[in-house]
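> no sequence on this one, just coordinates:
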Ligand SMILES: Nc1ncnc2c1ncn2[C@@H]1O[C@H](COP(=O)(O)OP(=O)(O)OP(=O)(O)O)[C@@H](O)[C@H]1O
Ligand code: SF4
Ligand SMILES: [Mg+2]
């Protein structure tokens, strides 16, 4: 068990290192001089040369890579060229928007999906099941940006219950901040919840057909009790696997949703950095996002261990 | 009054090919402390009979007729009342000890569950009782085993755990559906010995569904032979060992030494979607005549407590004599 954890931890570090290398190499082999790209085509040669020096581009690539990693380990992510502030500062603020947004979206996804999926499985073939299946079909078909506009129109513009965009900051109180994050989180969650609900339903149905459910019934468990006490936990393994994958989708989804709701998060930062050719910011944020996804996968591994004793052997 | 009285039990199941009559007119009675063996080829309806007694038929299946336990009609009980009965007055163990236990729960908790459900026992007390039950089915080191998960046990140990679980509330009737089929031969004998010992100790009744005629002959007090969802012969074990009255049972016993299974009877079990109106064994029976197709042959008395469903019992007795 300890060995398993150490192995996973080593894997985590290795994956992260590989991710930094890939990001570095991609920017390295990309045609064009980064300094030129950042300054645009009208820049004068001496400007470009100055920037090259500032960015350390006149040093050999391995040396630059080591300097970059070393800086990251010390918490120094370099300076954003467009914002002229340390990237760490820039990213730090935005993490406090994007991570809570993704976590809230994941929480909504899980709650909706487990509720609907288990309900549908328990009422297989009945009206409730068909209703859930229809709803999830719709949820999967509707793109999340369109759903975001719909939510804004209904709850922000028409009913006025929620702000239509922007973020007051955590200084404005947890209530106000969560209120600003709820609609975007919902817009992100709908598609994922629809997918996860279907997976939950079929996982529960699979388990309900297992021999040990019949044993549970022979012991005197009612149908509902057998589902809650014996089927649900067994069904969680495939569900948790998908949740891990969905977290990556949610992070990618923040790029669009943060722009629709004008939230100052990582997604919006990436978007702006891309339009402004701020390569340093792009590089750092991509590695950061990769790190978040890798971390989540590690959490999923831990969840497996918690759920299934058969995996605890090694 | 017998503990269990089954009369004219029938099961019909909906299938894509229309309703199938899986069981027809199954009847028998079982006294307390007695062991009934149910034998028959694969597909003869042994499991369906067991599940009908438990009220656990698969979706789409309906039972008719009468099943009385201690005078109480089970087929008319609602689901709630059945839940209170299952695991308390009637318990069941299954063929596959590998998959019949919840892989994510320690076995101690699984054994304790019926006590928590039916006796409303506090957790600590139920856990202690579970350890006592583990010792009772002769498992070593109950304290350690109670905390083990099913994958950490052998097949025989798991089946003992299943038996401990079934025994928890001291049922009047234990239904065992091929409890040894999935186990090693040496373990099979140990499990059967354990079941017999527990019947003698507790006075419960046991229905032992089995493929293995020898096992049934050694363990059971009486035998019920099923064919195509009907009872073809029902007799005390001693009488059955002396004389097989039904041509099918004769074939079954003759087939046994060769393979240990029943396959050696030429032909195969009837197609439930195209059942003949008369005797269901007719197309495989060496003694069949035109009259066999007229209607279901009634169960005739052959000896004390010994019945067989065949219209040519004398001819069958003569061939048995000759061989
Ligand atoms: N869900 C179902 N739908 C339709 N037919 C079924 C269903 N379950 C069982 N049957 C049929 O019912 C008949 C009796 O099945 P049953 O499981 O009782 O046989 P069995 O005697 O226990 O056989 P085995 O020795 O293989 O366990 C078989 O012909 C089987 O094909
Ligand atoms: S009734 Fe006829 S077909 Fe059926 S077992 Fe007897 S002799 Fe054979
Ligand atoms: Mg069976």
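In hand now; what should we look at? None of the values given here were measured: they were computed from a predicted structure. Residues are numbered from 1 along each chain as shown, chains lettered A, B, ... in the order given. Ligands and ions are numbered 1, 2, ... in the order given.
> right, and residue B:137 touches residue B:194 too?
Yes: the criterion here is Cβ atoms under 8 Å, and residue B:137 meets it with residue B:194 at 6.2 Å. The way it works is simple: take the backbone N, C-alpha and C, and place the C-beta from them, glycine included.
> what sits in contact with each of those two?
The contact sets of residue B:137 and residue B:194 overlap at B:160, B:163 (Cβ atoms under 8 Å, 6 or more residues apart in numbering or on different chains).
> So for those two, which sits in the more crowded spot?
Higher neighbour count among residue B:137 and residue B:194: residue B:137, with 23 against 18, using other Cβ atoms under 10 Å in any protein chain shown.
> what's near enough to touch that one?
Going by Cβ under 8 Å, 6+ apart, residue B:137 touches B:160, B:161, B:163, B:164, B:167, B:194, B:198.
> Now do the strand or helix carrying residue B:197: distance to the chain's middle.
Residue B:197 is part of helix B:185-202, with elements assigned from DSSP states H and E. Chain-centre distance of helix B:185-202: 15 Å, with Cα atoms, centre = their mean, to the nearest Å.
> can you tell me if the helix or strand following it touches chain A.
Going down the chain from helix B:185-202, the next helix or strand is strand B:205-209, by DSSP H and E. No: judged by Cβ under 8 Å from any Cβ of the partner chain, strand B:205-209 stays clear of chain A, getting no closer than 13.3 Å.
> Flag every residue of the stretch 201-323 of chain B that's near ligand 2.
B:247, B:279, B:281, B:282, B:285, B:287, B:288, B:292, B:297, B:310, B:311, B:312 (Cβ under 6 Å from any ligand atom).
> Please pull out the lowest mean pLDDT helix or strand from chain A.
Lowest on mean pLDDT, DSSP states H and E among the helices and strands of chain A sits helix A:34-39, with a mean of 75.
> how about the helices in chain A?
A:2-29, A:34-39, A:45-55, A:61-73, A:87-122, A:127-141, A:144-151, A:174-208, A:211-218, A:223-226, A:232-260, A:266-275, A:279-307 (DSSP state H).
> so which of the residues of the stretch 201-323 of chain B next to ligand 2 comes closest to chain A?
The closest of these to chain A turns out to be residue B:281 (Cβ to the nearest Cβ; 30.6 Å).
> The closest one and residue B:288, how far apart?
Separation of residue B:281 from residue B:288 (Cβ to Cβ, to the nearest Å): 8 Å.
> Those two: which has the busier surroundings?
With neighbours defined as other Cβ under 10 Å, residue B:281 and residue B:288 compare such that residue B:281 has more, 26 against 17.
> Now do the least confident helix or strand of chain A: which elements does it pack against?
Judged by 3 or more Cβ pairs under 8 Å, 6 or more residues apart in numbering or on different chains; DSSP states H and E, helix A:34-39 is in contact with helix A:45-55, helix A:279-307.
> Go again with 6 Å.
Using 3 or more Cβ pairs under 6 Å, 6 or more residues apart in numbering or on different chains; DSSP states H and E, the elements in contact with helix A:34-39 are helix A:45-55.
> Tell me which residues are up against the helix it packs on.
Here helix A:45-55 makes contact (Cβ atoms under 6 Å, 6 or more residues apart in numbering or on different chains) with A:35, A:36, A:39, A:58.
> go on, stretch B:30-48?
For stretch B:30-48, contacts defined as Cβ under 6 Å, 6+ apart pick out B:2-4, B:11, B:22-23, B:177, B:203, B:205-210, B:216, B:219-227, B:229, B:262, B:269.
> Quick check: residues of chain B near chain A?
Within chain B, the positions near chain A by Cβ under 6 Å from any Cβ of the partner chain are B:56, B:83, B:86-87, B:92, B:96, B:99-102, B:104, B:113-114, B:117-118, B:149, B:151.
> Provide a list of residue ranges in the stretch 201-323 of chain B with pLDDT below threshold.
B:255-264, B:323 (pLDDT under 70).
> Residue numbers of it in contact with ligand 1?
Taking Cβ under 6 Å from any ligand atom as the contact definition, the stretch 201-323 of chain B meets ligand 1 at residue B:272.
> Okay, strands next: where are they in the stretch 201-323 of chain B?
With strands called from DSSP state E, counting those that start in this stretch, the stretch 201-323 of chain B shows them at B:205-209, B:222-227, B:230-236, B:299-303, B:306-309.
> closest to residue B:62 out of those strands?
Residue B:62 sits nearest to strand B:230-236 of all the strands of the stretch 201-323 of chain B, at 17.5 Å, using Cβ to Cβ.
> and that closest one with strand B:299-303, angle?
Relative orientation of strand B:230-236 versus strand B:299-303 (axes from the mean of the first three to the mean of the last three Cα atoms, to 10 degrees): 20 degrees.
> by contact count, what packs against strand B:230-236?
Identification of packing neighbours for strand B:230-236 by 3+ Cβ pairs under 6 Å, 6+ apart yields strand B:20-30, strand B:222-227, strand B:306-309.
> mind checking which of the helices of chain A is nearest ligand 2?
Ranking these by proximity to ligand 2 (Cβ to the nearest ligand atom) places helix A:211-218 first, at 34.1 Å.
> buried stuff in the closest one?
Buried residues in helix A:211-218, counting neighbours by 16 or more other Cβ atoms under 10 Å in any protein chain shown, are found at A:211, A:212, A:213, A:214, A:215, A:216, A:217, A:218.
> go on, stretch A:305-314?
Buried positions in stretch A:305-314, judged by neighbour count with 16+ other Cβ under 10 Å: A:307, A:308, A:309.
> was I right about the last one contacting residue B:149?
Yes: using Cβ atoms under 6 Å, residue A:309 is in contact with residue B:149, at 4.6 Å.
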